[in-house]
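> no FASTA, just this:
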Ligand SMILES: Nc1ncnc2c1ncn2[C@@H]1O[C@H](COP(=O)(O)OP(=O)(O)OP(=O)(O)O)[C@@H](O)[C@H]1O
């Protein structure tokens, strides 16, 4: 047979392309056997993790240096300016110029900057010298009824009020210490109807700058002024007006008084700047003690009154995951309201109430809310509104731009969100939604995109990048993007996804609205979120500082943080109701864990999800339970996408089914009737950001039950050597359960069933088990113990002897010479 040169060229090109694709897909998925430099997959991964950490550290250092340089240059500038002009008058014979170069206004600004630093809770450094040495002269200007006129007095007031008990001090400072200490220009006064009033910028409230008011109960009303967020209290409470650059502070009502204040403040601002060592308790301001005590007493009484009122109002709200706010009150288009009403959505959930107005205004937001509380609708509604708005401005395009891009970490979640969006778009003619997810044919995606143009895309990052890189038309359509949503944002900003997300962000317009949603947002993720969000974004936290991310009726404290301004906007009653999701853990050796799961499942009659750490162990447990005649299904990454979708849909529809799954079902999946979640050990893999993922995984897995305010239960099964990992979730309401007496007859039955399972499945499960725990640093460090445990697991699943490993694999895993490891000849 002879080939034409053209055909040969064509074929070799196709082959090269195939090989290229293969290596790409390997690096995305299971991984190649060797990596550049001859290192193994784990070394390669660790190397990249290390590099990422170093990069992060470098960035932080740079940030710190920039910050310090800015402060230094400010101080230098002030020092220079201080030698002449208006600052001169602030110097007195008794105060050396080093200590007193700035006007109070500038010092206040410098101090405010300093307080933005984490951990800076006091103005005074050890090196700042004795506070007493600063002459505290009585202020000559008239003192207001509130008794607080100067920043110093305000500091004293704040410090005193900090001594109140925890709850009270939180309510006293609804914006949190950081805000209070950042707003230094103080004009405190008391009105007939007392309120807290916080103003961020110096101008009047009509100057378009940020202006915030929060009531003592933290009740918050939000609005915007010239694109800036305004948080406003609707309650009347004691009023403190913090106005940076407020004329009343700069008001030179007496140089003596001002000098006294200035001296104290300048010590704080110009002493060894960042060398805060010991916190010092401030002296109460002389002569004002009685007045202040009265104030504190007044505020306490006010608080108690508020608490008792809040108790009654809050109790009612606590009992439901819905609020009193209706969808038709919030500016959602009538066509969407129509669907919402027909779907039975009349009132908003807490997260929807907290986020809708912010998102509809076009502001970027980072949103943390409990699992199963309606986050999807919270971002889908503004997304639809964004499309409606964009459509009205350019309606005559044949292929519309992609206006909204929603990124999800798993294919199932993307499909679920697209399905929900399709329902919400029912009455919106000409607006479409499509999914771009892995596991389907790329060409089919392209065809769908061409034949059925849409404005909303729900995608997993990998497949989306494929489209961007391989279809120029797609990138062009993305140029019209108005909104980017990251669901399960912490997961998307971590591990394998991070680089993809970075690339994607580079491919979409900078002028866009970005919304990040998740039930878990660790500190590290908040920092990294700047990759996607604008600096001026809202952080909306419906879980609260002391709250837990798992569904509960307790601690539903809603906080809104806007560019560093934090406030509990609803302080619900924190006592009373029991947790909806009962959480417990059982300690059982690996050998008996499958039997324990079987016993728990036998005792439970409705929908259950069992989470395993690896796909192969998931498969083994599924086959075992199926052999034992249980009504089970399996769902993990080793299954085809078609199978996964089918099982996911079947499980969602059913009422009495058991789903054995890996972490592909851990996030976002809405199976409304799940009443029990069993976690077979933690998922212990550390994330790239170094966040212990066991806590995050535990919360998301548990979140598959107790949805929409329903009852649910979570049981975590741990091996004895895993017990110390509980430290990461000790703040959650999880209790040790009474040990369960295992039925010896079941053991025999289980052994029989295990015998029927193909050895190749058990061997794969053993290899997966060993590989998984070997990659967990805490466990993989002690190879001898690890191999011992793995071999016990091997015998518990009915293998006569532990399966052998390829020499190369054992070498790569660092297990070659470990006793108990068998090497394949
Ligand atoms: N306003 C509402 N009224 C009634 N039900 C609602 C409302 N909003 C959402 N739901 C329902 O609440 C359930 C959970 O919603 P959703 O899946 O969006 O939760 P989630 O917060 O995204 O959960 P997860 O953190 O697990 O991703 C869904 O069944 C949804 O239909």
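That came through, no problem. Quantities reported herein were computed from a predicted structural model and do not represent experimental measurements.
> got the contact list for the residue of the stretch 401-550 of the chain found nearest the ligand?
Per Cβ to the nearest ligand atom, residue 519 is where the stretch 401-550 of the chain lies closest to the ligand, at 4.4 Å. Using the backbone N, CA and C atoms, a C-beta is placed for each residue, glycine as well. Residues near residue 519 by Cβ atoms under 8 Å, 6 or more residues apart in numbering: 368-371, 375, 543, 549, 699-700, 703.
> among the residues you listed, which are in reach of the ligand?
369, 371, 375, 703 (Cβ under 6 Å from any ligand atom).
> need the residues you listed in JSON lines (columns: neighbour count and secondary structure).
Shown next, in JSON lines, are these (neighbours: other Cβ atoms under 10 Å; DSSP: H, G, I helix; E, B strand; the rest coil):
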{"residue": "369", "neighbour count": "26", "secondary structure": "coil"}
{"residue": "371", "neighbour count": "24", "secondary structure": "coil"}
{"residue": "375", "neighbour count": "25", "secondary structure": "helix"}
{"residue": "703", "neighbour count": "28", "secondary structure": "coil"}
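> lowest pLDDT pick from these?
Looking at these by pLDDT, the weakest one is residue 371, with 86.
> what's the closest non-adjacent residue to it?
The shortest distance from residue 371 to any non-neighbouring residue, by Cβ to Cβ, 6 or more residues apart in numbering, is to residue 703 (2.4 Å).
> wait, the one you found touches residue 370, no?
Yes - assessed by Cβ atoms under 8 Å, residue 703 is found in contact with residue 370 at 7.3 Å.
> which positions in the protein make contact with the ligand?
So the chain meets the ligand at 322, 345, 348-349, 352, 369, 371-377, 519, 668, 670, 672, 703, 707-708 (Cβ under 6 Å from any ligand atom).
> show me what stretch 434-449 is in contact with.
Stretch 434-449 has contacts (Cβ under 8 Å, 6+ apart) with 411, 414-415, 418, 452, 454, 456-460, 462-464, 466-467, 470-471, 474, 640-641, 644.
> now, these that are in helices?
Among those, the members falling in helices (DSSP state H) are 411, 414-415, 418, 462-464, 466-467, 470, 474, 641, 644.
> out of these, which two sit at the greatest distance?
Pairwise distances across those (Cβ to Cβ) peak at 25.0 Å, for the pair 474 and 644.
> who has more neighbours out of the two?
residue 644 (23 against 20; other Cβ atoms under 10 Å).
> please name the nearest non-neighbouring residue to that one.
Leaving out its chain neighbours, the residue that sits closest to residue 644 by Cβ to Cβ, 6+ apart is residue 635, at 5.9 Å.
> for the one you found, what are its contacts?
By Cβ under 8 Å, 6+ apart, residue 635 lies in contact with 618, 644, 647-648, 651, 659-662, 664-665.
> how about CSV for these, with pLDDT added?
As requested, the contacts of residue 635 are exported to CSV (pLDDT from 0 to 100):
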residue, pLDDT
618, 95
644, 94
647, 95
648, 94
651, 95
659, 96
660, 96
661, 95
662, 92
664, 91
665, 92
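> first vs last residue of stretch 467-484, how far apart are they?
With Cα to Cα, to the nearest Å applied, stretch 467-484 spans 17 Å between its terminal residues.
> could you redo the ones in helices among the contacts of stretch 434-449 as TSV and give each row distance to residue 751?
As requested, these are arranged in TSV below (distance: Cβ to Cβ, whole Å):
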residue	distance to residue 751
411	37
414	41
415	39
418	45
462	42
463	43
464	47
466	47
467	50
470	52
474	55
641	35
644	31
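> surely residue 331 touches residue 359?
No - Residue 331 is beyond contact range of residue 359, at 10.5 Å (criterion: Cβ under 8 Å).
> out of the two, which sits in the busier spot?
Between residue 331 and residue 359, counted using other Cβ under 10 Å, residue 359 has the larger neighbour count: 26 against 13.
> residues contacting the residue nearest to residue 780 when sequence neighbours are not counted?
Leaving out its chain neighbours, the residue that sits closest to residue 780 by Cβ to Cβ, 6+ apart is residue 774, at 4.3 Å. Listed by Cβ under 8 Å, 6+ apart, the contact set of residue 774 reads 42, 780, 783, 786, 813-815.
> what does the pLDDT read for residue 774?
88.
> pull the longest helix from the chain.
When the chain is parsed with DSSP H, its longest helix is helix 41-82.
> in which helix or strand does residue 517 reside?
Take DSSP states H and E as the rule and residue 517 turns out to sit in strand 513-518.
> give me the neighbour count for residue 401.
18.
> three-state assignment of the closest residue in space to it that isn't next to it in sequence?
Leaving aside its chain neighbours, residue 401 sits nearest to residue 480 (2.3 Å; criterion: Cβ to Cβ, 6+ apart). Judged by DSSP: H, G, I helix; E, B strand; the rest coil, the three-state class of residue 480 is coil.
> contacts only, for residue 480.
Contact analysis of residue 480 by Cβ under 8 Å, 6+ apart lists 390, 394, 400-403, 509.
> need the buried ones from those residues selected in PyMOL.
Buried residues within the contacts of residue 480, by 16 or more other Cβ atoms under 10 Å, are selected in PyMOL with:
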select buried, resi 390+400+401+402+403
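> need the max-distance pair from the contacts of residue 480.
Farthest apart among those - using Cβ to Cβ - are 400 and 509, which lie 15.4 Å from each other.
> picking that back up, how near is the residue nearest to residue 644 to residue 681?
18 Å (Cβ to Cβ, to the nearest Å).
> on that earlier part again, and the residue nearest to residue 401, how far from residue 359?
19 Å.
> coming back round to it: now the ones next to the ligand among the contacts of residue 519 in JSON lines, with distance to residue 59?
Converted to JSON lines, these look like this (distance: Cβ to Cβ, whole Å):
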{"residue": "369", "distance to residue 59": "29"}
{"residue": "371", "distance to residue 59": "31"}
{"residue": "375", "distance to residue 59": "29"}
{"residue": "703", "distance to residue 59": "32"}
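> and the strand holding residue 517, what other elements does it pack with?
strand 364-368, helix 375-393, strand 483-487, helix 489-492 (3 or more Cβ pairs under 8 Å, 6 or more residues apart in numbering; DSSP states H and E).
> just list what the longest one packs against, helices and strands only.
Here helix 375-393 touches helix 334-342, helix 350-360, strand 364-368, strand 404-407, helix 411-424, strand 456-459, strand 483-487, strand 513-518, going by 3+ Cβ pairs under 8 Å, 6+ apart.
> so which bits of that helix are buried?
Residues 375-388, 390-391 are the ones in helix 375-393 that count as buried (16+ other Cβ under 10 Å).
> what of the first one?
Of the residues in strand 364-368, those with enough neighbours to count as buried (16+ other Cβ under 10 Å) are 364-368.
> which residues touch it?
351, 354-355, 358-359, 375, 378-379, 489, 513-521, 526, 529, 533-534, 536-543, 549.
> list only buried entries from those.
Buried subset of the contacts of strand 364-368 (neighbour count, 16+ other Cβ under 10 Å): 351, 354-355, 358-359, 375, 378-379, 489, 513-521, 526, 529, 533, 537-543, 549.
> returning to that earlier point: and the residue of the stretch 401-550 of the chain closest to the ligand, what pLDDT?
Residue 519 carries a pLDDT value of 88.
> cool, and residue 418?
pLDDT, residue 418: 95.
> same question, the one 10 residues further on
At residue 428 the predicted local distance difference test score is 92.
> identify the residues contacting it.
Residue 428 sits next to 333, 335-336, 384, 387-388 when contact means Cβ under 8 Å, 6+ apart.
> quick check, nearest of those residues to the ligand?
Nearest to the ligand among the contacts of residue 428, with distances taken as Cβ to the nearest ligand atom, is residue 336, at 12.1 Å.
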